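[1] All I have is the shape, not the residue letters:
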């Protein structure tokens, strides 16, 4: 009995270690949309947060019922010149049965581009400013779910002087 209990504990520990050792199957990138768009102090700009998802994996949607996987959450962290300026746009997710959670869930495969509107502070200095966006998420394939993760990605936003009033 004791030997089988020790074996079960070792099996659980090695499975958890293997899941944590898996490279992140999602690559994140942040860019100003459209490319080259600029803003002014106190102005807004839209960012494109792109999740490129490895084949066979999926990223869960931003709105899920409790009791399942961790829903994707996108935030603009405090302590920078930018704040969230509206609702985050999410592409239409796929909806199908997920055997990992024994229920129908919504998720993204291959690629998902979220739109993130941000506003710079009224006193934001002119020139290139870096904006940070955080994504908290969970990803699974048909056999394995990785522990929830968080990434912070950055993009540069060019802040220009306001045009003179006419």
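    In hand now; what should we look at? Note that the structure is a prediction, hence the values are computed from the model and not measured. Numbers count the residues shown, from 1 in each chain.
[2] Specify the beta-bridge partners of the most centrally placed residue in the chain.
    Taking Cα atoms, centre = their mean, the centroid of the chain lies closest to residue 135, which sits 3.0 Å from it. Here residue 135 sits in beta bridges with residue 74, residue 151, going by DSSP bridges.
[3] any weak-confidence spans in the chain?
    Scanning the chain for pLDDT under 70 picks out 1-21, 163-166.
[4] residue boundaries of the strands in this protein?
    Listed in chain order, the strands of the chain (DSSP state E) span 26-33, 38-39, 44-53, 58-60, 73-75, 82-84, 94-98, 103-108, 111-120, 127-137, 139-140, 149-159.
[5] Let me know which of those strands is tucked in deepest.
    Mean neighbour count (mean count of other Cβ atoms under 10 Å) peaks for strand 58-60 among these, with a mean of 25. To be clear about C-beta, it is placed using only N, CA and C from the backbone, and glycine gets the same treatment.
[6] In its sheet, which strands sit next to it, and in what direction?
    Applying DSSP bridges, strand 58-60 is found paired with strand 103-108 (antiparallel), strand 139-140 (antiparallel).
[7] got the ones you listed as TSV, with distance to residue 24 columns?
    Listed next are these as TSV, based on distance: least, Cβ to Cβ, whole Å:
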stretch	distance to residue 24
strand 103-108	15
strand 139-140	8
